[in-house]
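> Just the structure for this:
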Amino acid sequence: MLLLWWFSLPNHLFSDPTSTVVNSSDGMLIGARVASDGQWRFPEMDSVPERYKQSVLLFEDEYFYSHPGFNPISILKAIGHNLTKDSRRGGSTITQQVVRLSRKNKGRTYWEKVIEIVMATRLEVRHSKDEILRLYASYTPFGGNVVGLETASWRYFGIPAHELSWGQATALAVLPNAPSLIFPGKNEKAFLEKRNRLLNKLNEKGIIDQTTYDLALAEPLPQKPVPLPDLASHLTERIRLEHPGNRINTSLDRNLQRQLNLLAERQYQQLKGNEIHNLAILVLDVETRKVLGYVGNAPSGKEHASYVDIITKNRSTGSTLKPFLFASILDEGQLLPHSLVADVPTVINGYQPQNFDKKHRGAVTASRAISRSLNIPAVRLLREYGLEKFYNKLKKMKVNALNKPASHYGLSLILGGGESSLWEVTSTYAAMASTLNQFVDQSSTYRINEFLPPTYVNDRTIDFGATQFEPTVLGAGAIYSTFQSMFEVNRPEGDENWHFFDSAQPVAWKTGTSFGFKDAWAVGVTPKYAIGVWAGNADGEGRPGLTGITAAAPLFFEILETLPPSGWFQEPFDDLMELEVCTQSGYRASVYCDDIKKELVPLHGSRTGPCPYHHQLFLDASEQWRVNSECYPMEEMVAKNWFVLPPTLEYYYAQTNPNYKQLPPYLANCATSESQLMEFIYPKKNEAILLPKDMGAKTSGVVLKLAHQMADATVFWYVDERYVGKTENFHELILELEPGAYILTAVDDKGNSNQQPMEVRKASAN
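Down below sits the predicted model:
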C-alpha cells in the first residue's frame, strides 16, 4: 500500500502542450501563439498574485494551508448534502482539483474521489503548498479554450495577472467553478452574484476595506475574450518555430517596437503608391548584440505576403558589402582612405560593370567611391584585392548565406551578385562597431568571437570569447577610417533628400540597390545601435524608383531619430598612425607633391606606395612649354611638380574637375619621351563591339574614342594599316565596319602611337 501510494503520482503531473508566449525585455506580453491542441494554455506561472490567491482560497479552499491534501469535514458535508438534496455539492480541496485536472477530469464517482484523495496526499508530500497553488492557477480552465490564470487575465482583461484588481481577481476566482458563466449575454446575473458574494466575504474577513469593496462591486464583468498583444508578430512566429511551447523573455524594447510599427506603417503607406508592398526593420544593441526592434514586414495584407518574415530571407545585397571590402583593403595597407581610384569604362573578361548614374568620373577618392556606391571603382578594387580573399573574409564575418564558391559569384559579388539577409548584414555592421568599441575601451584588445549572430533572448549572454592583441578579422583603425568615410562622405544627393539627414545624429551608414530595382537597403551603425532597413516586394518584383536612398534611407533616419543619441566613435589611436598624404591624390606623399597634409590612417597605411600621379616636369623660362635637354638649355629650364593622370582617367576627370591643369604642350622641336600619351577609351582592350541596328534593320556606325594628354594634338586613325581619318581636340571617329577582327592604330602628329586588336560583332536578332 505504501509503495502504491509513493508511486501514485507520475513524474510530470501535466504533459499538456502549452502556448508559445513572447515577452518584451520588461516582462510584458507582446505576442503568443495557441498551443498545438488548440488551447490557449500559457506555460506554468512562476508565482500566484496575492489578490487572486486570497480570493481563490476563500472561495475554493479556506483551509488549504492546514489540511493534508483533503478536508474530511468538507467531504462529510458534501456526502450529506448529496444524499439529502437533489443538487450536487463538491468537497474537493485545491490539491484534489489539481489531481483531477491532471487526470483530465475523469467521472465524478466515489472511487475516483478515493483515488484523488490518495494522490492528493502524495502531492502534498512532493510539493509545497505554494507550488500546488501555482499548478492550480496554471492549469485550471476559465471557459472556452482559455486555460490558466495568466492566460485568462490577458484574454478577458488584456493585462498581466499581477495587475488584476480585486474585482477582476474575484471574477476569475469564481469562474473555474462554473466556466459556462463567461458566455457573453448569458448567465451574467449568476456570475455577478457569485463574484459579489466573494467580495462581501473578503470584506467581512477584513481582507479588503469598505472603499475597496465598493469600488470592486462597480467593476464590470469580463465579456468575450479580447485579442492578445501582437507587437512583433513575425518574431513571435519565429519563436514559435524555434522555441515551441515556451515562454521566451525577449530583448525587445516595447516602446521602441511600438514606434517602429508606426514608422513601418507610415512608410508603407508612402511606398504602396509605387506598388512597393514589403519592408523590414531590425535594430540591434551593438554592445550586447541583442535585438531591440524587429519588424518582419509591412502591414500590407496576405495578398502581398505580409506574413513573410523578410528579416530572415536572403535577398540581393546590393552595395551593402562595399564597406567590408573598403575596410579589408585599408586593413592590409593596400590603399589609403582618400586615395584616388579609377572610375573609367571597364571590361573584365567580358564583364562590364556600370555606375548607377551611367557616368564616369575618371578618378575619385576611394572613400567617395565606396560611400557613393560607384560600381566601377568597387569592381576594380575587388579585382585588385582578390575575389577569393574577400570571399573568405566575408565567411569570417559570418556572412553564411554565401553558400556557393567564390567563382560562382565573380566580381559581381560586390554589386549584389550574392545574397544575404537583413539579419546577417545588420549583425555584421554591428560586429564591426563592437570591434572598434572593444579596442578603444579595453586596452587595445580584440575578442576572438566578435562576429557572432545576434540574439533575441533577453537572459542569454553572447560569449565573445577571449581577448587578444591581434584582430581576428578587421583592425580597429581600418574600421574607424571606414566609418569616418561613411559618415563624412555619404550624404543624400539631391535637395529632396536633405531634410531627413540634417537633423540626424552622427551615423556611419550605407545604402544599397539590387539589379532590376528589386531590393532597397539602408544599413548603419552608431557606437550604441545598429539599424537595418529593407524595402521591396517579397515576390521579387522590381519597381522604378525602388532605390536605397529613396525607399529605405528616409525610414532609416526616422528610426535613428527615435533612438537616444550615442555620439560618435572614439579614435583607436593605437591602431592609427599619422602619415603625410598628398592632398590632391590621397596617396602617401612623394617628393614631387607640393600640397601635403597629415592624416590619421590605419596602422598599415605606411605600406602603400608613394603618389603615382605627381611628376617633375621641365618647362621653359616662361613656364608655358615643356622642354628637355635635347632642345633647350639646361640652365634655363624650370623644374615644376605636376599632377598628371593617365590619359583615360584624365579624359573623364577633367570634365568634372575644372581646376585640373593639363600638361603644357612641348616646345617646337622638343622630342617627347613619355611612353603613353594616349589611350583608347572605346573600344577597351578585349572588348567586343556589337553593331546595333537602326529602325530599318541597317547596322549603324561604330564610334571610336581616344584620350590624348596633349590638348592640341592631331591624331591619325588606321584600321589594319588603312588610313580612315584624323581628329583634333576631341578624338572621336565614326566608322562603318563589317563584322570581323581588326587592328586599330592611332598616331599623333608627334609620331606617338597606340595600337590594339578590335573585334566587331553583329547584334543578334533578339
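> any residues touching the helix or strand that contains T745, and which ones?
Secondary structure from DSSP states H and E places T745 in strand 740-748. Strand 740-748 is contacted from outside by 677-678, 680, 683, 704, 706, 708, 710, 713-721, 731, 753-760, using C-beta atoms under 8 Å, 6 or more residues apart in numbering. Just so you know, the C-beta spots here come from the backbone N, C-alpha and C atoms, and that holds for glycine as well.
> Ok, stretch 313-323 next?
Contacts of stretch 313-323 (C-beta under 8 Å, 6+ apart): 370, 373, 375, 378, 394, 399, 401, 413-422, 425, 429, 432, 482, 486, 508, 510-515, 518-521, 523, 534, 536, 538, 548.
> run the last query once more with 7 Å
370, 373, 378, 401, 414-416, 418-421, 425, 482, 486, 510-515, 518-519, 521, 523, 534, 548 (C-beta atoms under 7 Å, 6 or more residues apart in numbering).
> Kindly export that stretch (C-alpha atoms) in CSV.
Provided in CSV are the C-alpha atoms of stretch 313-323 (Å, rounded to 0.1, in the frame of the first residue of the first chain):
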residue,chain,number,x,y,z
LYS,A,313,15.1,35.8,-46.0
ASN,A,314,18.1,36.1,-48.3
ARG,A,315,18.0,39.0,-50.8
SER,A,316,20.5,40.5,-53.2
THR,A,317,22.8,42.6,-51.0
GLY,A,318,23.2,45.5,-53.5
SER,A,319,26.0,47.7,-52.3
THR,A,320,25.9,46.9,-48.6
LEU,A,321,29.0,44.7,-48.8
LYS,A,322,31.2,47.6,-50.2
PRO,A,323,32.3,48.9,-46.7
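> tell me how far that stretch is from the chain's mean position?
Relative to the chain's own centre, stretch 313-323 is displaced by 10 Å; criterion: C-alpha atoms, centre = their mean, to the nearest Å.
> so for that stretch, what's the average pLDDT?
Stretch 313-323 shows a mean pLDDT of 94.
> next one: stretch 22-42
Averaged across stretch 22-42, the pLDDT comes to 95.
> mind exporting that stretch as CSV, just the C-alpha atoms?
What follows is stretch 22-42, C-alpha atoms only, in CSV (Å, rounded to 0.1, in the frame of the first residue of the first chain):
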residue,chain,number,x,y,z
VAL,A,22,6.7,36.1,-26.0
ASN,A,23,7.5,38.8,-23.6
SER,A,24,9.4,42.1,-24.0
SER,A,25,12.6,43.0,-22.1
ASP,A,26,10.4,44.4,-19.3
GLY,A,27,8.5,41.2,-18.9
MET,A,28,5.3,42.3,-20.7
LEU,A,29,3.4,40.1,-23.1
ILE,A,30,4.0,41.2,-26.7
GLY,A,31,2.8,38.1,-28.5
ALA,A,32,1.6,34.5,-28.2
ARG,A,33,0.6,31.5,-30.3
VAL,A,34,-2.0,28.9,-29.4
ALA,A,35,-0.9,25.5,-28.2
SER,A,36,-0.8,22.6,-30.6
ASP,A,37,-4.1,21.2,-29.2
GLY,A,38,-5.9,24.5,-29.9
GLN,A,39,-5.9,25.7,-26.3
TRP,A,40,-4.7,29.0,-25.0
ARG,A,41,-2.6,27.5,-22.2
PHE,A,42,0.4,29.6,-21.2
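> got the buried residues for that stretch?
Buried residues in stretch 22-42, counted by 16 or more other C-beta atoms under 10 Å: 22-25, 29-35, 39-42.
> Among those, which pair sits farthest apart?
Spanning the widest gap among those are S25 and Q39, at 27.5 Å by C-beta to C-beta.
> what residues are up against N203?
Q210, Y213.
> SS state for it?
Classification of N203 using DSSP: H, G, I helix; E, B strand; the rest coil returns helix.
> buried subset of the contacts of stretch 313-323?
Among the contacts of stretch 313-323, those buried by neighbour count (16+ other C-beta under 10 Å) are 370, 373, 378, 401, 414-416, 418-421, 425, 482, 486, 510-514, 518-519, 521, 523, 534, 548.
> now, which of those lie within strands?
Of the positions in the buried ones among the contacts of stretch 313-323, E419, S420, K510, T511, G512, T513, D519, W521, V523, W534 sit in strands, assigned by DSSP state E.
> any idea how far A466 is from the third one?
Counting by C-beta to C-beta, to the nearest Å, the gap from K510 to A466 is 31 Å.
> do the same with the last one
Using C-beta to C-beta, W534 is found at 35 Å from A466.
> picking up where we left off before, out of the ones in strands among the buried ones among the contacts of stretch 313-323, the closest to N641 would be?
Nearest to N641 out of those is K510 (C-beta to C-beta; 36.4 Å).
> can you tell me which residues contact the spatially closest residue to R238 that is not a sequence neighbour?
Leaving aside its chain neighbours, R238 sits nearest to D309 (6.0 Å; criterion: C-beta to C-beta, 6 or more residues apart in numbering). Each residue near D309 by C-beta under 7 Å, 6+ apart is listed here: H234, E237, R238, G296, N297.
> Can you name the two of those that sit furthest apart?
R238 and N297 (11.9 Å).
> just checking, next helix/strand downstream of the host helix or strand of V22?
Assigned by DSSP H and E, V22 belongs to strand 20-23. For strand 20-23, the following helix or strand on the C-terminal side (DSSP H and E) is strand 29-33.
> and that next one, what does it pack onto?
Judged by 3 or more C-beta pairs under 7 Å, 6 or more residues apart in numbering; DSSP states H and E, strand 29-33 is in contact with strand 20-23, helix 233-242.
> Flag every buried residue along the longest one.
In other words, helix 233-242. So helix 233-242, judged by 16+ other C-beta under 10 Å, has buried residues S233, H234, L235, T236, E237, R238, I239, R240.
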